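[1] Quick one: sequence plus predicted model below, questions after.
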Amino acid sequence: MRVVLPGCFVILSLLLGACAAPTNRPVATRAVASDMALPPMRRFGNTVVAPPARPNAEMMQDFLDLAFQLESGRSLPVLTRFEGAINVRMTGPVPPSAQADLTRVLGRLRAEAGIPIRQAQGEAAAITIEFLPRRTMQRLVPRAACFVAPRVRSWAEYRRAGRNALDWTTLEARRQSAIFIPNDTAPQEIRDCLHEELAQALGPLNDLYRLPDSVFNDDNVHTILTGFDMLMLRVYYAPELANGMRRGEVAARLPRIFARLNPRGEGRSGRIADPAPPAFGRAIETALGPGTSPGRRRSAIREALAIAQSRSWTDARAGFVWLALGRLSLGHDAEEARDAFLQASAIYHNAPGLALQAAHADMQLAAFALSNGQPDIAIGLVDRSTRVVAAAENAALLANLLMVKAEALDLLGRHTEARIVRLDSLGWARYGFASDAEVEERLLNVASLSPVQTKRRP
């Protein structure tokens, strides 16, 4: 399940000041309509993801924890998966962007995970993807941005289904699943849901905060299936495994499977991160879940931070907690927010494999630098982030970075360059955000960070 993050924490769309209290700063007067027409939506080309870089010994434990436990903490008694060819169909008011993104992810699942999965051509489908209004979906599942359910083919069936029918722990094999995605959200969010929910419909049903390189992590940093994720799915459908196998049976077969599928991970010892205690997960859920006051959110994230510090974590979890504290402090305590982002950035840059996480922290630091009249620093932070963000296909974050850079270039008097960068940002923003109105609002929000407010001529 892809979770909903609160409005002042959404990783894909938050900018410094988006949740801030009103200030005396002049309102930006840069109207997009008077400056330039919105360009066509930009889309990413062929996906190239890095292969998993961690030792097999470490990833075997990840596989077991992903495959034999639910996000709720309940254990799954046996391995379950689909057998044979798998067909997928889309129903409901399908958004215009969905078909191209479904085609791409199905192609990747065939090529990278070796799964025989295709879009249905009129025949019955094993996996149904139904689009429906966000409000309709979240009346029943308020924490879900999108989700997958077993044994049903439609939203109507899901609403009628009993608890036992929807219980993953009672499955002996997977034969039918339905994925539910809002049709009134950003093209990127629709794509992200297609990736994560298809992966969970096919394989792992758990999320682990300790994973730095996976969509199976509720931090929502990775938005498309990674090399690690594809390896997990390839292992899931290895011929050595079968429906009904218990954890011990699977564990006994994993060394040979990983050695065959990922020989580069052999011969290196792995360090398994100590599991996060239940209190850590509860604190994160309180801080980021719906229906919680801002004060309680900040209190909860400090509880999570205390747990991370007591365990001397220096991994992605520690950076994530600092990043969360920074975002939740915006509009409440700017100095605390900036310090938290600096802590997150330092952790991410000092650990291997966390460049994408670092880009999220550096985006916020670039916004602070712009606001403080330090355009060179802002541009430097943006430039060291854009390549990894583009490789991760995060159009919303890329658009935010480029908008900040455009404002910084204007501060330096490099107006022609600023216009080119800003136009590029708008093309990515049309894919990353839900509507043209949101694109324009985001551009104005970034412009309001600049200490120099000028009206741009047409």
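    That came in fine, so what should we check first?

[2] Which residue ranges make up each domain of this protein?
    What automatic domain parsing lists as the domains of the chain is 2-44+280-447, 56-265.

[3] Ile272 is nearest to which of those domains?
    domain 56-265 (5.1 Å; CB to CB). Where C-beta positions appear, they are placed from N, C-alpha and C, glycine not excepted.

[4] which regions of this protein sit below the pLDDT cut-off?
    Along the chain, segments meeting pLDDT under 70 span 4-36, 270, 453-458.

[5] Determine which residue lies closest to the centroid of it.
    Central residue of the chain (CA atoms, centre = their mean): Asn220, 2.8 Å from the mean position.

[6] From Arg260, how far off is that residue?
    Per CB to CB, to the nearest Å, Asn220 is found 32 Å from Arg260.

[7] likewise Ala340?
    44 Å.

[8] out of these two, which sits in the more crowded spot?
    More crowded of Ala340 and Arg260, by other CB atoms under 10 Å: Ala340, with 25 against 12.

[9] does the more buried one count as helix, strand or coil?
    Of the three states, Ala340 takes helix under DSSP: H, G, I helix; E, B strand; the rest coil.

[10] That one contacts Phe320, correct?
    No. In this structure Ala340 lies outside contact range of Phe320 using CB atoms under 8 Å: 11.2 Å.

[11] returning to that earlier point: quick one, phi psi at the residue nearest to the centre of the chain?
    Asn220 adopts backbone torsions of phi 60, psi 20, taken as degrees, to the nearest 10.

[12] so how far is Ala98 from it?
    For Asn220, the distance to Ala98 - CB to CB - is 19 Å.

[13] what does Arg151 give?
    Look at Arg151 and Ala98: by CB to CB, they are 24 Å apart.

[14] same check, this time on Gln176
    21 Å.

[15] Between these two, point out the one with more neighbours.
    Per other CB under 10 Å, whichever of Gln176 and Ala98 has more neighbours is Ala98, with 20 against 17.

[16] Now do the contacts for that one.
    Met90, Phe131, Ile190, Leu194 (CB atoms under 8 Å, 6 or more residues apart in numbering).

[17] And for Val389?
    Residues near Val389 by CB under 8 Å, 6+ apart: Leu356, Ala359, Leu397, Leu398, Leu401.

[18] Just confirm the first one contacts Val221, I think it does.
    Yes. Under the contact definition of CB under 8 Å, Leu356 touches Val221, with a separation of 5.9 Å.

[19] and those two? which has more neighbours close in?
    Val221 (26 against 22).

[20] Find the residue closest to that one in space, skipping its chain neighbours.
    Gln357 (5.4 Å; CB to CB, 6 or more residues apart in numbering).

[21] Isn't that neighbour up against Pro212?
    Yes. Counting by CB under 8 Å, Pro212 is a contact partner of Gln357 at 7.2 Å.

[22] overlap in contacts of those two?
    Applying CB under 8 Å, 6+ apart, one finds that Gln357 and Pro212 are jointly contacted by Ala316.

[23] ranges for the strands of the chain?
    2-3, 86-91, 117-119, 127-132, 144-150, 177-182 (DSSP state E).

[24] Mind checking those for the one nearest to Ala67?
    strand 144-150 (15.0 Å).

[25] Mind giving me the packing neighbours of the closest one?
    strand 2-3, helix 134-140, strand 177-182, helix 187-202 (3 or more CB pairs under 8 Å, 6 or more residues apart in numbering; DSSP states H and E).

[26] Next, the angle strand 177-182 makes with it.
    Interaxial angle, strand 144-150 versus strand 177-182 (axes from the mean of the first three to the mean of the last three CA atoms, to 10 degrees): 160 degrees.

[27] partner strands of strand 144-150, parallel or antiparallel?
    strand 2-3 (antiparallel), strand 177-182 (antiparallel) (DSSP bridges).

[28] how about the ones you listed in a markdown table, adding distance to Arg256 and mean neighbour count?
    Converted to a markdown table, those look like this (distance: least, CB to CB, whole Å; neighbours: other CB atoms under 10 Å):
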| stretch | distance to Arg256 | mean neighbour count |
| --- | --- | --- |
| strand 2-3 | 33 | 20 |
| strand 177-182 | 29 | 25 |
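
[29] Leaving out sequence neighbours, find the closest residue to Arg43.
    Counting by CB to CB, 6+ apart, the nearest residue to Arg43 once its immediate chain neighbours are dropped is Tyr431, at 6.3 Å.

[30] pretty sure that neighbour contacts Leu397?
    No. With contacts counted by CB under 8 Å, Tyr431 stays clear of Leu397, the gap being 11.6 Å.

[31] who has more neighbours, those two?
    Using other CB under 10 Å as the criterion, Tyr431 and Leu397 rank with Leu397 on top: 28 against 23.
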